[in-house]
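**Student:** sequence? don't have it. structure:
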Ligand SMILES: [Mg+2]
């Protein structure tokens with residue numbers, strides 16, 4: 001099968017921004033409450049266009065990751081730091097605290113080893129998809145770049161694991177097509193192997209969680225979200241009203257588990273998939289962005305309905321960056 005990589009690159013980056021844009025108005029809400037607003041999501045979108053006017057930090061930082069790769073023809077620490085610092089001028093929309101505090105320190109010249117926050121949040125998995133695309137034919141470098149791109153702002157091992165798993169999933173999915181689908185078993189084997197053989201206890205926990213997701217693909221989206229929304233969270237500081245409900249925690253392992261679960265439950269259409277992701281509850285924009293990267297990588301731009309492309313602010317700019325990254329990818333692997 002011949003893959004149209006430009007279609008996949010564009011689908012991935014646009015997938016991030018669509019999921020982020022659709023999830024943004026629902027950030028911090030229970031899934032139950034979100035579903036009380038509409039019966040037909042498409043109608044709701046049409047009637048409430050003002051709610052879906054912008055994407056957030058997830059898309060902004062994904063684009064900066066892509067720019068850094070383009071400038072350096074691959075991972076280069078200085079370019080990444082410079083790009084993430086330049087995000088402060090965008091200015092950031094709805095940033096996570098761990099992420100922005102680390103990047104503010106980088107801005108003042110503090111080396112990343114000291115600047116990185118201890119956060120185990122989903123802020124690095126949400127921006128990693130360009131690394132999964134660019135290094136899709138070089139898995140050793142993919143893991144290395146995903147890890148390094150994570151530790152410059154988040155020192156917690158959960159953040160690094162989430163970034164590696166999502167980058168590896170993207171590399172897997174861009175070579176698949178909706179005509180032939182893919183083996184769920186192979187998908188999990190591939191992403192799990194990317195964080196195997198580690199000394200990190202949290203990486204082992206993550207593998208166990210991913211296996212649990214695989215074993216629960218027969219349950220409904222709602223039940224799965226209740227099951228995985230706060231999976232792996234050890235912090236006692238969480239709003240009690242949301243515990244045990246469909247309300248996705250910003251901890252990397254919970255967000256990544258939910259994004260993968262909802263994506264795999266909706267392999268029938270990009271549209272269904274992205275709507276389910278963006279209405280997950282809790283950190284909805286980031287579930288939308290991470291799951292949207294997976295969905296975009298699998299379905300490709302050609303299978304994204306126009307009305308969803310057009311809802312994204314500056315979507316033409318995103319397509320331009322996708323083209324530039326794709327060009328660098330062709331150069332790297334001498335694809336002509
Ligand atoms: Mg966000």
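**Tutor:** Structure received. These numbers come from a predicted model, not from an experiment.
**Student:** Quick check: phi and psi on residue 248?
**Tutor:** With angles defined as degrees, to the nearest 10, residue 248 sits at phi -70, psi 130.
**Student:** Contact partners for it?
**Tutor:** By Cβ atoms under 8 Å, 6 or more residues apart in numbering, residue 248 lies in contact with 225, 229-230, 254-255, 258, 280-284, 286-287. (C-beta placed from N, C-alpha, C; glycine too.)
**Student:** Share the number of residues neighbouring the residue of the stretch 101-250 of the chain found nearest the ion, please.
**Tutor:** The stretch 101-250 of the chain approaches the ion most closely through residue 126 (7.2 Å), counting by Cβ to the ion. Using other Cβ atoms under 10 Å, residue 126 has 37 other residues around it.
**Student:** Next: the one 5 residues further on.
**Tutor:** Using other Cβ under 10 Å, residue 131 is surrounded by 32 other residues.
**Student:** who in the stretch 101-250 of the chain is up against the ion?
**Tutor:** With the criterion set to Cβ under 5 Å from the ion, the stretch 101-250 of the chain never comes near the ion.
**Student:** which residues of the stretch 101-250 of the chain score low on pLDDT?
**Tutor:** Across the stretch 101-250 of the chain, the ranges flagged by pLDDT under 70 are 236-238.
**Student:** Could you pull out the helices in it for me?
**Tutor:** 112-115, 129-134, 139-151, 157-173, 184-193, 201-215, 221-228 (DSSP state H, counting those that start in this stretch).
**Student:** how about the fifth one: buried residues?
**Tutor:** Which is helix 184-193. For helix 184-193, a neighbour-count test (16 or more other Cβ atoms under 10 Å) marks 187, 188, 190, 191, 192 as buried.
**Student:** what does the last one give?
**Tutor:** Neighbour counts using 16+ other Cβ under 10 Å place 221, 224, 225, 226, 227, 228 of helix 221-228 among the buried residues.
**Student:** Stretch 310-326 now?
**Tutor:** 311, 312, 315, 318, 319, 321, 322, 325, 326.
**Student:** Same list (those) but as CSV, adding pLDDT and secondary structure.
**Tutor:** Compiled in CSV, the buried residues of stretch 310-326 are given as follows (pLDDT from 0 to 100; DSSP: H, G, I helix; E, B strand; the rest coil):
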residue, pLDDT, secondary structure
311, 96, helix
312, 97, coil
315, 97, helix
318, 98, helix
319, 98, helix
321, 98, helix
322, 98, helix
325, 98, helix
326, 98, helix
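**Student:** quick check, nearest of those to the ion?
**Tutor:** Among these, and counting by Cβ to the ion, the member closest to the ion is residue 312, at 14.2 Å.
**Student:** What are the neighbouring residues in contact with that closest one?
**Tutor:** 14, 17, 18, 21, 55, 318.
**Student:** Can you get me a residue count around the closest residue in space to the residue of the stretch 101-250 of the chain closest to the ion that isn't next to it in sequence?
**Tutor:** By the measure of Cβ to Cβ, 6 or more residues apart in numbering, the closest residue to residue 126 outside its immediate chain neighbours is residue 58, 4.4 Å from it. As a burial measure, residue 58 scores 33 neighbours (other Cβ under 10 Å).
**Student:** can you check residue 308 too?
**Tutor:** 23.
**Student:** Next one: residue 228 relative to residue 304, how far apart?
**Tutor:** 26 Å (Cβ to Cβ, to the nearest Å).
**Student:** for residue 174, same thing?
**Tutor:** Residue 174 is 15 Å from residue 304, where distance means Cβ to Cβ.
**Student:** same deal with residue 311?
**Tutor:** Distance, residue 311 to residue 304, using Cβ to Cβ: 11 Å.
**Student:** Identify the contacts common to the two.
**Tutor:** residue 18.
**Student:** What residue in the stretch 1-150 of the chain comes nearest to the ion?
**Tutor:** Closest to the ion within the stretch 1-150 of the chain is residue 56: 3.4 Å, counting by Cβ to the ion.
**Student:** For that residue, list the residues it contacts.
**Tutor:** Applying Cβ under 8 Å, 6+ apart, the residues near residue 56 are 20, 24, 27, 93, 94, 95, 285.
**Student:** Run a quick neighbour tally on the second one.
**Tutor:** It stands for residue 24. Residue 24 has 24 neighbours, counted by other Cβ under 10 Å.
**Student:** Grab the nearest non-local neighbour of it.
**Tutor:** Excluding the flanking residues, the one nearest residue 24 by Cβ to Cβ, 6+ apart is residue 285, at 4.6 Å.
**Student:** same for the one helix or strand that neighbour maps to, what does it pack against?
**Tutor:** Using DSSP states H and E, residue 285 maps to helix 284-299. Helix 284-299 is packed against helix 5-23, helix 57-72, helix 129-134, helix 157-173, helix 252-265, helix 270-278, with contacts defined by 3 or more Cβ pairs under 8 Å, 6 or more residues apart in numbering; DSSP states H and E.
**Student:** where's the fourth one relative to the chain centroid, distance-wise?
**Tutor:** It stands for helix 157-173. Centroid separation for helix 157-173 versus its chain: 9 Å, with Cα atoms, centre = their mean, to the nearest Å.
**Student:** repeat for stretch 142-160
**Tutor:** 14 Å.
**Student:** what about the nearest residue to residue 313 once chain neighbours are set aside, distance to residue 182?
**Tutor:** The spatially closest residue to residue 313, leaving aside those adjacent along the chain, is residue 54, at 5.4 Å (Cβ to Cβ, 6+ apart). Residue 54 sits 33 Å away from residue 182 when distances are taken as Cβ to Cβ.
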